[in-house]
Every structure is written in C-alpha cells, then in structure tokens.
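> predicted model follows, preceded by the sequence.
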Amino acid sequence: MPKVFYTQPDGAETVIEAVAGDSVMQTAVRNGVSGIVGQCGGVLSCATCHVFLADGDFPPPGEDEDEMLDCAATEREDNSRLSCQLVLAYGQEVRVTVPEAQL
C-alpha cells in the first residue's frame, strides 16, 4: 500500500495508508485531511488541492496543471503540485505540505 504524509502549515502531520491508483487528493478527501478541498473532484479545473511536494517520484506537471497552479489561493512554489494529479503506486511513500489557504 502507498503511504501519504500530509503536513499542515502548523507542522502537524497525518499519515494515511492509501490505495494504489488513487490520487493524493482522493486519499485526503476520503480521510478528512484538513486543507485539501478538491472542489472539482480531480478533473483539473480548480486549484483547491494544491500541495507542496516534498518527496515522491512523479512525472513533472503537464501544461494544464502548470497553468492551473497559477490560480492557486496560495502562491505557487517550485515544488507546487495539484494533488489530484499525483497518482499513487503500490509501496510508494509521498510527503506533501498543505498550503495556508485553498479558497
């Protein structure tokens, strides 16, 4: 099973065992992780699942994700990603930090 480490802006960390094939956003919403809204349900039409990726082996963001990150409520950084685009693989461990605001 993949494992996701969600760090809140205050430093509190939540660790969730996820399902391979689910996204970091789906896992957060399903488990009530504060700060990840996923308002569009993961179809890449909002930026309410913005996270700062600390660890995880993922391809770089595509053009649509890159453009959508410019719409995030919290200013993007070099490691900004939309968690709906981070699909988890079996045995993977991922570390993300939730930004201060999503809306």
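Okay, I see it. Since the model is a prediction, treat every value here as computed from it, not as a measurement.
> could you list the low-confidence segments of the chain?
For the chain, the stretches with pLDDT under 70 are 103.
> quick check, central residue of it?
The residue lying closest to the centre of the chain (C-alpha atoms, centre = their mean) is Ser83, at 2.5 Å.
> contacts for stretch 51-59?
With C-beta atoms under 8 Å, 6 or more residues apart in numbering as the test, stretch 51-59 has contacts from 5, 7, 24, 36, 77, 79-83, 85-87, 92-99. (Each C-beta comes from the backbone N, C-alpha and C, glycine too.)
> who does the helix or strand harbouring Leu53 pair up with?
Taking DSSP states H and E as the criterion, the element that holds Leu53 is strand 50-55. Applying DSSP bridges to the sheet, strand 50-55 is found paired with strand 80-82 (antiparallel), strand 93-97 (antiparallel).
> out of those, which one sits most buried?
When these are scored by mean count of other C-beta atoms under 10 Å, the highest mean neighbour count falls to strand 80-82 (a mean of 23).
> now that strand: how far from the chain's centre is it?
The chain centroid and the centroid of strand 80-82 are separated by 6 Å, computed with C-alpha atoms, centre = their mean, to the nearest Å.
> still on that earlier bit, test my guess that the residue nearest to the centre of the chain contacts Ser23.
Yes: contact criterion C-beta atoms under 8 Å: Ser83 and Ser23 qualify, at 6.3 Å.
> re earlier: state the phi and psi torsions of the residue nearest to the centre of the chain.
Per-residue torsions, Ser83: phi -70, psi -20 (degrees, to the nearest 10).
> okay, and the beta partners of the residue nearest to Glu77 when sequence neighbours are not counted?
Take Glu77 and drop its neighbours on the chain: the residue closest to it by C-beta to C-beta, 6 or more residues apart in numbering is Phe52, 5.9 Å away. Note on Phe52: beta-bridge partners Ser80, Thr97, judged by DSSP bridges.
> what about Phe52, neighbour count?
Number of residues near Phe52 (other C-beta atoms under 10 Å) recorded here: 17.
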